[in-house]
Structures are given as C-alpha cells and as structure tokens.
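S.K.: coords please:
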Amino acid sequence: MDSELNHSPARPIKAVSLLSGGLDSILATRVVQDQGVEVLALHFISPFFGYEKKGREEEVAAFYQETYGIRMRVVDVSDEYLTMLARPRYGYGKNFNPCVDCKIFLVRKALEILQAEGASFLITGEVLGQRPMSQRRDTLNAIARDTGTRGILLRPLSARLLPPTAPEERGWVDRGRLYGFSGRGRHDQMALAAELGITEYPTPAGGCRLTDPCLGARVRRYYEDTPAEGRNAADVRVLLTGRPFRFPEGSLFSLGRGEHENAAVAGLAREGDERVFAADVPGPLGLFRPRGSGDERPLAAAVLLRYCPKARPETRVVFEPSGGGPVRELEAVAATDEDIALGAWRL
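M.R.: This next block holds a predicted model:
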C-alpha cells in the first residue's frame, strides 16, 4: 500500500528530498522549493559514498544553505547499508554495485524521516533514461512500488514524462513548472541551473565506490571471506583506502601510497589499531588492525618493507598503538611480490 499523505490544509506543505550532491538532485530540490514548499534535503552517507562528510555535518549543511539555499541533513546509513549489500533483490551491476536496491533502500530511509518530520511527499533527482540500471522506466516504477511511495514520489526533472503524482494532483506543486528531461545529456540541466542562478556544482562522476572495478572486487571478496556478523563499516573503510591486505588470521593492514594516502590511512585508526612505519628510513605509513589468536605483525612488517625502497636487512619496523600503550619494534625481511601473491594477502 502506498504511504499515506501527511499534509492537512492547516499547516505548510513539507517535502523531503534525496540529495546526492550532484546537479540533478540540487535542481530537483530547488525546483520544488522555489514553488513555496518547505523542503528538507537528506544526504545519505556510507563507506561507499559521501563518507568524507562524517564529522563535518554542520559544515556541509552550512555550505548547502549558503551556496544553494537548501536546508539539508547528513544521515549515516552505513550499518544498514552493509546488510542490504549482502543480498540485493535486483542484483548487482557490472561490478558490486546494487543500484536499484540502493535507491529502494535510500527511499525507504527517507520515508522514515518524512514520517517523523510530518512531511507530505518525497523528491528525487532521477532523470528518465539517464542511468542504464536504475533510471529506466521499469526500474523507476519498481522503486516506487517496492517502497510504497507510488503516489508521493515526485521526480521533478522528468515529471512531465511520468504519471502525475498526488503533489501535482492536489496542487501542492504546479506540474506546468516541472520538467520533461530524459536521456544522458546534461544540456537541459545546465540551462536550468543557469536559470536558477546556480553556478557552482560538481561535474558528473560515478560517486559510488562500488562501481569501481578494483574497489568493487575488494568489497566482494570481503563479503565472501567474512561472516555476516563480522562485517562492519570500519573494516570496509580500510579496504577502500590505500593498498590493503588481509592476513590468514583475519588481520587487516593498509599502506598509504603517497603523502595524501598516508594521512587518509592514519585517519582510519581506532582503539586497538596500530600505526606502522619503518624506523630511520622514509617509506609508507601503514595501519594494522590485529585479529585472531596469532601475531601477524611479522607479516605486516615484511609487507611494509616491500614498499619501502630504502629499507635495509636490519631495518626496524615500528608498531605504535593508536590509543597509547607500549610501542613494539620488529626486524623483518621484505616480502617479495611472489610471497604476497602466494599468500593471497593483497585485496
């Protein structure tokens, strides 16, 4: 059954939009907002998209308010997203990307917030025919059907090509001021952005890291090798950063491949993790997350030295606990590429 409408004539019309941060979702939000509807935009994040905004929620909200005049909220859905990713009803795309199920999941999350906020309808920036998996007419229908939002899910940029929704039929928005965009081109969107005075917006990009062949393969292997109860967002973030390894006992290890990645790897450290680096010689910074009953630091040390070109046979490798505690030092022989391949440590 489609979700019931929350609006009554005694109060302002409210809507909730899904704001990916791309131009389409910005335009969709503004098109409805500029018709006098009070819109709350939701920017969902997970380890696969938008997670760099974690901890910066107020800063990001201020940016959207100042730049686009949009009131928005950052919402972390990591844990539930990991569960959905294990068995998507509509399967995966070319890589490990569950595009249709992802949209269904996010619309359902938005619907929960809509009900809590007392809003009346949902807005998305979907454009008919723009994405081959998730924005075909049949998948747009499936998303509305499976989320129970058929009557209240408004897609302002393609609305004239789709059946009217309750917000249009009830006069909350003027269908004549909505659009009939379709296809993969961006000319119409860019023209509308200029009309609305929007000059700063991101260039089109995949956005979701699960669409990347290399990163998607890493996550797929993690799902294959890790029981459901052992999967967590913190581990996934290690897999997606730097040059990651997984040792036989389950310990995770990731190395930065430059100054920027060294900083990113260091930023993932949590209680129980250890920063790893070669003493007295330049080289990468590693993050070691111990697991299992055995000590896998010797493996981590050998791997680090493989990527430390100035390492000598007597080079010491330092393991520094992120939460404080005794520092350990090991001497190790650099692993060879054959060692790494035979051990299947590289992810």
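S.K.: so where is the stretch 151-300 of the chain shaky, pLDDT-wise?
M.R.: Within the stretch 151-300 of the chain, the stretches with pLDDT under 70 are 204-206.
S.K.: Give me the residues contacting the helix or strand harbouring residue 100.
M.R.: For residue 100, the enclosing helix or strand under DSSP states H and E is helix 99-117. Helix 99-117 has contacts (Cβ atoms under 8 Å, 6 or more residues apart in numbering) with 3, 6, 14-16, 18, 40, 42, 44, 75, 77, 80-81, 84, 88-90, 93, 120-122, 124, 126, 131, 133-134, 139, 142-143, 146-149, 153, 208. In this view, the C-beta of every residue, glycine as well, is placed from N, C-alpha and C.
S.K.: What of stretch 268-281?
M.R.: Contacts of stretch 268-281 (Cβ under 8 Å, 6+ apart): 234, 237-238, 241, 253-254, 266, 283-290, 300-301, 304-305, 308, 310-312, 315-323, 328-329.
S.K.: List the buried residues for the helix holding residue 100?
M.R.: Using 16 or more other Cβ atoms under 10 Å as the test for burial, helix 99-117 gives 99-111, 114, 117.
S.K.: Quick check: of those residues, which lies closest to residue 259?
M.R.: Of all the buried residues of helix 99-117, residue 259 sits closest to residue 102, with 32.9 Å by Cβ to Cβ.
S.K.: ok, then the element right after the helix holding residue 100?
M.R.: Later in the chain than helix 99-117, the nearest helix or strand by DSSP H and E is strand 121-123.
S.K.: Report the angle between the helix or strand just after that following strand and helix 99-117.
M.R.: Counting by DSSP H and E, the next helix or strand C-terminal to strand 121-123 is helix 137-147. Helix 137-147 and helix 99-117 are oriented at 40 degrees to each other (axes from the mean of the first three to the mean of the last three Cα atoms, to 10 degrees).
S.K.: Quick check: which helices or strands does helix 137-147 pack against?
M.R.: helix 99-117, strand 153-154 (3 or more Cβ pairs under 8 Å, 6 or more residues apart in numbering; DSSP states H and E).
S.K.: Recalculate using a threshold of 7 Å.
M.R.: Judged by 3 or more Cβ pairs under 7 Å, 6 or more residues apart in numbering; DSSP states H and E, the packing partners of helix 137-147 are helix 99-117.
S.K.: Could you export the helix or strand residue 263 falls within as CSV, keeping only the C-alpha atoms?
M.R.: In this assignment (DSSP H and E), residue 263 forms part of helix 259-266. C-alpha atoms of helix 259-266 as CSV (Å, rounded to 0.1, in the frame of the first residue of the first chain):
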residue,chain,number,x,y,z
GLU,A,259,51.5,11.7,1.4
HIS,A,260,47.8,12.1,0.9
GLU,A,261,47.0,8.4,1.4
ASN,A,262,49.3,8.2,4.4
ALA,A,263,47.2,10.9,6.0
ALA,A,264,44.0,9.0,5.0
VAL,A,265,45.2,5.7,6.4
ALA,A,266,46.2,7.4,9.7
